[in-house]
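Chemist: here is the input, now give the coordinates:
(one chain, ligands or ions: 2)
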Amino acid sequence: MIIIGFESSCDETGVALVDTQRGLLAHALHSQIAMHREYGGVVPELASRDHIRRVLPLTREVLQKAGVSMDDIGAVAYTAGPGLAGALLVGASVAQSFAWARGLPAIPIHHLEGHLLSPLLAQPRPDFPFVALLVSGGHTQLMRVDGVGAYSLLGETLDDAAGEAFDKSAKLMGLGYPGGPALSALARKGDPQRFALPRPMLHSRDLDFSFSGLKTAVLTRIKAADKDGGLSEQDRTDLAAATEAAIVDVLAAKSIKAMKQTGLKRLVVAGGVGANRLLRERLVTTMKGLGGEVFFPPLEFCTDNGAMIAFAGACRVNAGLADLSAGHHAFTVKPRWDLRDVCLPADNAVVQA
Ligand code: KG4
Ligand code: ZN
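Modeler: Ligands and ions are numbered 1, 2, ... in the order given. Prediction:
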């Protein structure tokens, strides 16, 4: 069955076609980063309007790329949450209208489930079970993944997400939006040891994170420099390197702790911060030391995209977890949505993709 998937939860419009047997057929993406850059962050109303402009041209593009006609499509998947309400409504309305017009089932997808399963879009593909480090702009979680719909939370951030820590620190340093890639690029030339920054909760026994103290420490450094004529270029570069090192140290240490606690050997990294080069290098080295493996989705599937949503829809269909009856087209979006709501009860949780 061919599934068309729509993603519009934040500042990327993504559309993709996935075949439940053959995998990804085509995907297309429009990032709104350039539009939001001048405001220093995502402006929800502008995001919604831009999704409206982009979604149909992207749909035509994927159909053409895959050589698929609308008649070939068997189901429609879309991100139903969490995310920005107005932005979610665009993808949900288009998906539900598409399904209604063609008499197809519509499958609401949890955005984080899309990220969690996205490493399965790559080769080599990790087998279940694995530990997933989910690191995006809004989330930092360690999950145990036993199969499709079988997710258990091992630990999460108590305040800022890792991506937020990158973005907020970058903003304080006067770097562009989104801050993660900009800070990381600058950090390559810096000395990570010149400024001592905290590694919050590094030694706590649990698998939780906290990043808000790091942002405060960065601010304190900047204020101290301001009294002295402001950050020099070298200061900024070294502070970027120190910030990246602090975030990566904590993410890597907690991931390793999760591997030891669960006894699992496969670690999967998903979400936008998974694109970070230092984090990738560190996890590859440490997992090798543990006799395990680490998997990363291709960079284009680390950040938000339609492929992971269509793919999550396909995984749910294959696992018998999707309601394939057509004709239920009353819908809501869920700007806040606990992943546990889409999990199977623990006792029948092991379903393979
Ligand atoms: O998964 P994602 O695209 O969107 C959310 O669902 O939040 O993640 C976006 C986050 C942003 O905070 C961005 O700064 C961060 O991922 N990010 C990075 C890098 N690329 C993206 N952070 C650090 N290094 C990168 N190379
Ligand atoms: Zn995301």
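Chemist: interface residues of the chain facing ligand 2?
Modeler: With the criterion set to Cβ under 5 Å from the ion, the chain comes near ligand 2 through 136, 304. Quick note: C-beta positions are derived from backbone N, CA and C, even for glycine.
Chemist: in the helix or strand of the chain with the lowest mean pLDDT, what counts as buried?
Modeler: When the helices and strands of the chain are compared on mean pLDDT, DSSP states H and E, helix 299-302 comes out lowest with a mean of 87. The neighbour-count check on helix 299-302 (16 or more other Cβ atoms under 10 Å) flags 301-302 as buried.
Chemist: and what of stretch 156-169?
Modeler: Neighbour count says stretch 156-169 has 156-157, 160-169 buried, by 16+ other Cβ under 10 Å.
Chemist: quick one: end-to-end distance for stretch 1-21.
Modeler: Its first and final residues considered, stretch 1-21 spans 7 Å by Cα to Cα, to the nearest Å.
Chemist: for that stretch, buried residues please.
Modeler: For stretch 1-21, using 16+ other Cβ under 10 Å, the buried residues are 1-20.
Chemist: what residue in the stretch 1-150 of the chain comes nearest to ligand 1?
Modeler: Proximity of the stretch 1-150 of the chain to ligand 1 (Cβ to the nearest ligand atom) peaks at Gly137, 2.8 Å away.
Chemist: which positions in this protein make contact with ligand 1?
Modeler: 10, 136-138, 163, 166-167, 178-181, 184, 271-273, 275-276, 303-304 (Cβ under 6 Å from any ligand atom).
Chemist: in helices, which of the residues you listed fall?
Modeler: 163, 166-167, 179-181, 184 (DSSP state H).
Chemist: contacts only, for the residue of the stretch 1-150 of the chain found nearest ligand 2.
Modeler: Proximity of the stretch 1-150 of the chain to ligand 2 (Cβ to the ion) peaks at Ser136, 4.3 Å away. By Cβ atoms under 8 Å, 6 or more residues apart in numbering, Ser136 lies in contact with 115, 161, 163, 270-273.
Chemist: quick check: of the residues you listed, which lies closest to Val317?
Modeler: His115 (18.7 Å; Cβ to Cβ).
Chemist: just give the closest residue to the closest one, not the sequence neighbours.
Modeler: Once flanking residues are discounted, His115 sits nearest to Ala270: 4.2 Å by Cβ to Cβ, 6 or more residues apart in numbering.
Chemist: leaving out chain neighbours, which residue sits closest to the residue in the stretch 251-353 of the chain that ligand 1 sits nearest to?
Modeler: Here the stretch 251-353 of the chain gets closest to ligand 1 at one residue, Gly272, 2.1 Å apart by Cβ to the nearest ligand atom. Spatial nearest neighbour of Gly272, chain neighbours left out: Thr303 (4.6 Å); criterion: Cβ to Cβ, 6+ apart.
Chemist: again, but for Arg144
Modeler: In space, Arg144 is closest to Ser152, 4.7 Å off (Cβ to Cβ, 6+ apart).
Chemist: go on, Val273?
Modeler: What sits nearest to Val273 in space, not counting adjacent residues and going by Cβ to Cβ, 6+ apart, is Val135, at 3.7 Å.
Chemist: those strands in this structure, which residues are they?
Modeler: Secondary structure of the chain (DSSP state E): strands at 2-7, 12-19, 23-31, 73-81, 106-110, 130-135, 140-147, 150-156, 266-270, 293-295.
Chemist: and of the ones you listed, who's closest to Gly213?
Modeler: Minimum separation from Gly213 across those (Cβ to Cβ) falls at strand 140-147, 14.1 Å.
Chemist: quick one: strands adjacent to that closest one?
Modeler: According to DSSP bridges, strand 140-147 has the following sheet partners: strand 130-135 (antiparallel), strand 150-156 (antiparallel).
Chemist: any idea what the spatially closest residue to Glu61 that is not a sequence neighbour is bridged to?
Modeler: Using Cβ to Cβ, 6+ apart and skipping the chain neighbours, the partner closest in space to Glu61 is Ala28 (4.4 Å). For Ala28, the beta-bridge partners under DSSP bridges are Val15.
Chemist: before we move on, back to that, export the strands of the chain to TSV and tack on mean pLDDT?
Modeler: Listed next are these as TSV, based on pLDDT from 0 to 100:
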stretch	mean pLDDT
strand 2-7	98
strand 12-19	98
strand 23-31	97
strand 73-81	98
strand 106-110	97
strand 130-135	96
strand 140-147	95
strand 150-156	94
strand 266-270	95
strand 293-295	95
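Chemist: pretty sure Gly180 contacts Gly271?
Modeler: No - using Cβ atoms under 8 Å, Gly180 is not in contact with Gly271, being 10.6 Å away.
Chemist: between these two, which contacts overlap?
Modeler: Gly163.
Chemist: tell me the pLDDT at Glu45?
Modeler: Predicted confidence (pLDDT) for Glu45: 96.
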